[in-house]
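K.L.:
I would like to see how this sequence folds:
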Amino acid sequence: MSDALPVLEVDLGPGVRAFFTTRAGGVSEGEHAALNLGVAVEDDPARVASNHELLAHEAGRRVAFGRQVHGADALDVEVVPRDGEIFAGTADALVTTRRDLALGVVVADCVPVLLADAARGVVATAHAGRAGLVAGVVESVVALARERGARELRAVVGPAICGACYEVPAAMRDEVDAAVPGTASTTSWGTPALDLPRGVLDRLRAAGVERVGHLEACTFTDERFFSHRRSSADGTRRGRFAGVVLLG
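P.N.:
Sure, this is the predicted structure:
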C-alpha cells in the first residue's frame with residue numbers, strides 16, 4: 001500500500017499547506033475502515049497509531065492534536081509532543097508558529113476549522129461543535145492567533161453535518177440560535193435543525209477574518225467521511241477524520 005493519503009487540499013495562502021483527510025488510505029478495518037484517526041472509538045489502538053504515522057508521513061512532520069472536550073479553550077503549542085504521543089494538551093483550538101510541527105483537528109460531524117496567516121507564520125485549528133460554537137471557540141482561536149502575531153488571517157471551514165441533516169429538539173435549536181444567530185434551520189424532512197457550518201462562517205467573519213473558504217460536504221450524507229450521527233442511525237461504530245494545517 002502506498003504511504004500517500006488521498007487528502008482534500010485547501011488554500012490558505014503561499015507557504016501554508018492545509019488539507020482534510022477522508023476515510024480512505026488507512027489500515028483500520030470493519031466499521032472503522034480505513035483511515036480512522038480517533039483514539040477513543042473502540043478501534044484497534046495499534047491500527048490507529050499506524051494511521052497517525054501515515055498522517056505524519058503525509059504532512060512531512062509530527063501532527064499535534066488537542067484533547068477535544070467541546071469547549072472554547074485555545075492552546076498555544078510551543079513544544080512538539082513526545083514520540084508516541086499526539087496530544088499537545090486539552091483544548092478545542094490550537095495555535096502554533098513552529099515550522100517543524102503540523103496542527104490537526106479530528107471530527108465526525110462537528111465543524112473543523114483551519115486558519116493561517118502565512119506572512120506572519122501563524123497557523124491554527126478549531127473544533128467547533130454545537131457546545132463549542134456557543135461557548136466561543138471561534139473567537140478564542142482567532143484571538144490567540146492574533147496574540148501570536150497574526151494580522152491577516154485566512155480560514156477554511158471543512159466538511160461537517162449540514163443544516164438540512166442536523167436534527168435537534170426545537171428548544172435546542174432556539175437556544176443555540178439565540179446565542180449564535182443564523183444557525184436555526186430545518187431538516188430536509190421538515191423538523192427543527194441547526195446549521196453549524198453557517199454559524200462558524202458567520203462567527204469567523206464577525207471576528208474579522210475576511211477571507212473565509214468552505215469545503216462544502218455534509219458528513220451525514222457523504223460517505224467519504226466518518227459521521228457520528230450516521231453511525232448512531234445505523235447502529236455501527238465509526239471513526240474520525242481530520243483537518244491538518246502546517247507552515248511550509
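K.L.:
show me what contacts residue 244?
P.N.:
Neighbouring residues of residue 244 by CB atoms under 8 Å, 6 or more residues apart in numbering: 7, 17-21, 55, 58-59, 63, 102-104, 114. To be clear about C-beta, it is placed using only N, CA and C from the backbone, and glycine gets the same treatment.
K.L.:
could you check the distance from it over to residue 103?
P.N.:
For residue 244, the distance to residue 103 equals 7 Å [CB to CB, to the nearest Å].
K.L.:
Spit out the residues that contact those two alike.
P.N.:
residue 63.
K.L.:
Distance-wise, check residue 37 relative to residue 22.
P.N.:
From residue 37 over to residue 22 the distance is 11 Å, taken as CB to CB.
K.L.:
any common contacting residues for the two?
P.N.:
Residues touching both residue 37 and residue 22 (CB under 8 Å, 6+ apart) are residue 241.
K.L.:
So those two - more neighbours on which side?
P.N.:
residue 37 (29 against 21; other CB atoms under 10 Å).
K.L.:
Next, the more buried one: secondary structure please.
P.N.:
Residue 37 falls in the coil class when you classify it by DSSP: H, G, I helix; E, B strand; the rest coil.
K.L.:
Just to check, it is in contact with residue 53?
P.N.:
No. Assessed by CB atoms under 8 Å, residue 37 is found out of contact with residue 53, at 10.9 Å.
K.L.:
The contacts of residue 244 into a markdown table, with extra columns for pLDDT?
P.N.:
Listed next are the contacts of residue 244 as a markdown table, based on pLDDT from 0 to 100:
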| residue | pLDDT |
| --- | --- |
| 7 | 98 |
| 17 | 98 |
| 18 | 98 |
| 19 | 98 |
| 20 | 98 |
| 21 | 98 |
| 55 | 98 |
| 58 | 98 |
| 59 | 98 |
| 63 | 98 |
| 102 | 98 |
| 103 | 98 |
| 104 | 98 |
| 114 | 99 |
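K.L.:
Let me know the closest of the residues you listed to residue 219.
P.N.:
Each of these was scored against residue 219 by CB to CB, and residue 20 proved nearest at 10.7 Å.
K.L.:
Quick check: the gap between the closest one and residue 105.
P.N.:
Note on residue 20: its distance to residue 105, by CB to CB, is 10 Å.
K.L.:
Next, show the common contact partners of those two.
P.N.:
112, 242-243.
K.L.:
looking just at contacts, which helices and strands does the helix or strand hosting residue 95 meet?
P.N.:
Secondary structure assignment for residue 95, by DSSP states H and E: strand 93-96. Packing partners of strand 93-96 (3 or more CB pairs under 8 Å, 6 or more residues apart in numbering; DSSP states H and E): strand 63-67, strand 74-76, strand 102-107, strand 122-128, helix 137-147.
K.L.:
at 7 Å instead, please
P.N.:
Packing contacts for strand 93-96, counted by 3 or more CB pairs under 7 Å, 6 or more residues apart in numbering; DSSP states H and E, involve strand 74-76, strand 122-128, helix 137-147.
K.L.:
hmm, who's touching the last one?
P.N.:
Translated: helix 137-147. The contact list for helix 137-147, computed with CB atoms under 7 Å, 6 or more residues apart in numbering, reads 72-74, 76, 92-93, 95, 115, 117, 122, 124, 126, 128, 153, 200, 203-204, 207, 209.
K.L.:
The second one now?
P.N.:
Outside of strand 122-128, the residues that reach it under the criterion CB under 7 Å, 6+ apart are 16, 68, 92-97, 103-105, 107, 110-116, 137-138, 141, 145, 148-150, 196, 200, 243, 245-247.
K.L.:
Just the pLDDT at residue 83, thanks.
P.N.:
Note on residue 83: pLDDT of 87.
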